[in-house]
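**Q** Got a predicted structure here, sequence first:
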Amino acid sequence: MELDVYALGNALVDIQVQVEDSLLTELGLEKGNRYLTERCRQEEILQKLLGSDSLDSAQKAGKLQTAAGGSAANTIYGISQLGGRAGFCGKIANDGLGALYAEHMKQSSVVFKESTGQGMTGTCVVLISDDAQRTMLTCLGVSGEIDYEDIDEELLKHSRYIYLEGYLFESECAARTMLRTVAVARKNGVKVALTASDASCVDRHRDLLVQLIQNDVDLLFANTREARALSGTDNNEEALQVLSGWCEGIALTDGEHGSMVSFNGEVMNISPYSVSAVDTTGAGDAYAAGLLYGITSDRTIRESGMIASLFSAGVVTQIGPRYNGDIQLELKKLL
């Protein structure tokens with residue numbers, strides 16, 4: 001089987017909950033930040049959110065939403081929604097959350113071959129504020145234990161792109177697996193795309209990220225905060241200039257201000273779509289999906305950027321990282 005994009009990432013069950021700012025204060029959380037949590041802390045947070053309800057009953061009552069998430073998984077799901085051929089490799093546990101994750105993936109057309117480990121399936125609790133900002137608490141669980149034996153090497157070798165998330169550097173095991181995957185991809189002519197993932201992740205692993213980008217990445221996705229942290233610069237134009245010297249393709253996103261895409265030194269400004277944001281969770285993932293789908297569908301870079309902008313705008317108008325509309329129909333109107 002040949003794929004447009006095969007991805008490696010943390011398999012996390014996303015649990016999205018709308019909250020008041022007062023709850024963030026009570027929990028000692030800074031709005032908009034991302035936190036890595038231990039299992040006991042994650043269970044404490046969930047208990048606070050759910051009370052006496054189970055996860056299943058809370059979802060049925062409309063108190064929260066769940067999805068088979070993780071940054072790379074969201075992007076791969078989006079590529080599939082757009083009509084691309086996509087596959088994902090992530091590790092789950094043999095538990096209730098793992099079963100939920102596998103079922104969600106099976107309902108899509110993403111190629112997902114289960115790899116299970118002993119322990120707890122990873123979770124990402126997304127606390128959504130009234131101003132659409134999200135505060136994320138991630139417990140990696142077994143997702144951080146992914147190793148190269150979990151990779152479907154035939155799918156990897158027969159993909160146009162391998163897509164990776166910077167979050168993989170949060171686990172030594174996952175980081176080793178990612179680097180070996182990159183080596184196999186390069187050997188087989190598979191292009192490498194990477195999302196920087198998060199500014200705090202960049203701060204923690206900057207040297208490793210820079211080395212990977214300079215040596216092996218063909219297409220880098222970063223928002224303005226991540227781009228400045230990576231490049232050590234103070235503005236978007238300087239950041240783009242520095243990063244463009246490291247790899248041939250750069251996609252720099254700036255929320256409501258749109259994005260800039262640079263390929264081989266040619267820079268294009270991509271206009272944003274004016275929408276009322278409800279939840280920004282998954283906006284960057286959807287942007288990456290749109291750009292990768294466009295490129296692997298042999299669209300021009302500008303057309304690919306327009307698809308990315310449209311898709312990410314749609315995602316922020318709803319709760320959760322997966323678009324609920326008919327994106328293929330909307331593309332027909334766009335192009």
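**A** Okay, I see it.

**Q** switch to C-alpha atoms for all contacts and neighbour counts from now on
**A** Fine.

**Q** how about the helix or strand hosting residue 328 as CSV, C-alpha atoms only?
**A** Taking DSSP states H and E as the definition, residue 328 sits inside helix 327-334. Output of helix 327-334 as CSV, limited to C-alpha atoms (Å, rounded to 0.1, in the frame of the first residue of the first chain):
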residue,chain,number,x,y,z
ILE,A,327,-14.3,19.9,4.0
GLN,A,328,-14.2,18.2,0.6
LEU,A,329,-17.3,20.1,-0.5
GLU,A,330,-15.8,23.3,0.8
LEU,A,331,-12.6,22.7,-1.2
LYS,A,332,-14.6,22.4,-4.4
LYS,A,333,-15.8,25.9,-3.8
LEU,A,334,-12.4,27.2,-2.9
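
**Q** how many neighbours does residue 191 have?
**A** Using other CA atoms under 10 Å, residue 191 has 18 other residues around it.

**Q** any idea how far it is from residue 103?
**A** 30 Å (CA to CA, to the nearest Å).

**Q** which residue is nearest the centroid of this protein?
**A** residue 71 (2.0 Å; CA atoms, centre = their mean).

**Q** residues contacting that residue?
**A** Contacts of residue 71 were listed using CA atoms under 8 Å, 6 or more residues apart in numbering, and they are 9, 10, 165, 197, 282, 285.

**Q** Can you classify the closest residue to residue 282 other than its chain neighbours by secondary structure?
**A** Spatial nearest neighbour of residue 282, chain neighbours left out: residue 321 (4.2 Å); criterion: CA to CA, 6 or more residues apart in numbering. Judged by DSSP: H, G, I helix; E, B strand; the rest coil, the three-state class of residue 321 is coil.

**Q** Residue 321 reaches residue 74, doesn't it?
**A** Yes - contact between residue 321 and residue 74 holds when scored by CA atoms under 8 Å: they sit 6.8 Å apart.

**Q** for this protein, what spans make up the helices?
**A** 21-27, 39-50, 55-60, 71-82, 96-106, 153-157, 172-187, 199-216, 224-231, 236-244, 283-296, 301-315, 327-334 (DSSP state H).

**Q** closest one to residue 88 among the ones you listed?
**A** Minimum separation from residue 88 across the helices of the chain (CA to CA) falls at helix 71-82, 6.5 Å.

**Q** which residues of the protein score low on pLDDT?
**A** Scanning the chain for pLDDT under 70 picks out the ranges 60-61.

**Q** Which residue of this protein lies farthest from its centroid?
**A** When distances are taken from the C-alpha mean of the chain, residue 52 lies farthest, 31.4 Å away, according to CA atoms, centre = their mean.

**Q** Now stretch 27-34 - C-alpha only, CSV.
**A** Below are the C-alpha coordinates for stretch 27-34, written out as CSV (Å, rounded to 0.1, in the frame of the first residue of the first chain):
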residue,chain,number,x,y,z
LEU,A,27,-5.9,24.0,39.9
GLY,A,28,-2.9,26.2,39.8
LEU,A,29,-2.7,26.3,36.0
GLU,A,30,-1.7,29.2,33.8
LYS,A,31,-4.2,29.7,30.9
GLY,A,32,-2.9,28.6,27.5
ASN,A,33,0.0,26.6,28.9
ARG,A,34,0.7,22.9,28.2
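
**Q** For that stretch, list every residue counted as buried.
**A** 29, 31, 34 (16 or more other CA atoms under 10 Å).

**Q** Mind checking which of these are in strands?
**A** residue 34 (DSSP state E).

**Q** Would you quantify the distance from residue 150 to residue 165?
**A** Following CA to CA, the distance that separates residue 150 from residue 165 is 16 Å.

**Q** quick one, which of those two is more surrounded?
**A** Higher neighbour count among residue 150 and residue 165: residue 165, with 22 against 17, using other CA under 10 Å.

**Q** any idea how far residue 288 is from the more buried one?
**A** For residue 165, the distance to residue 288 (CA to CA) stands at 11 Å.

**Q** likewise residue 69?
**A** As judged by CA to CA, residue 69 and residue 288 stand 15 Å apart.

**Q** When these two are compared, which one has more neighbours?
**A** More crowded of residue 69 and residue 288, by other CA under 10 Å: residue 288, with 34 against 28.

**Q** Pretty sure the more buried one sits against residue 308.
**A** Yes - proximity of residue 288 to residue 308 meets the contact threshold set by CA under 8 Å, at 6.6 Å.

**Q** which one is residue 226 nearest to, not counting chain neighbours?
**A** Closest to residue 226 by CA to CA, 6+ apart is residue 199, at 4.6 Å.

**Q** these two touch, right, the one you found and residue 225?
**A** Yes - Residue 199 lies in contact with residue 225 (CA under 8 Å); the separation is 6.0 Å.

**Q** tally of neighbours for the closest residue to residue 167 other than its chain neighbours?
**A** Sequence neighbours aside, residue 197 is the residue nearest to residue 167 in space, at 6.1 Å (criterion: CA to CA, 6+ apart). Number of residues near residue 197 (other CA under 10 Å) recorded here: 21.

**Q** Would you check how far apart residue 197 and residue 184 are?
**A** For residue 197, the distance to residue 184 - CA to CA - is 23 Å.
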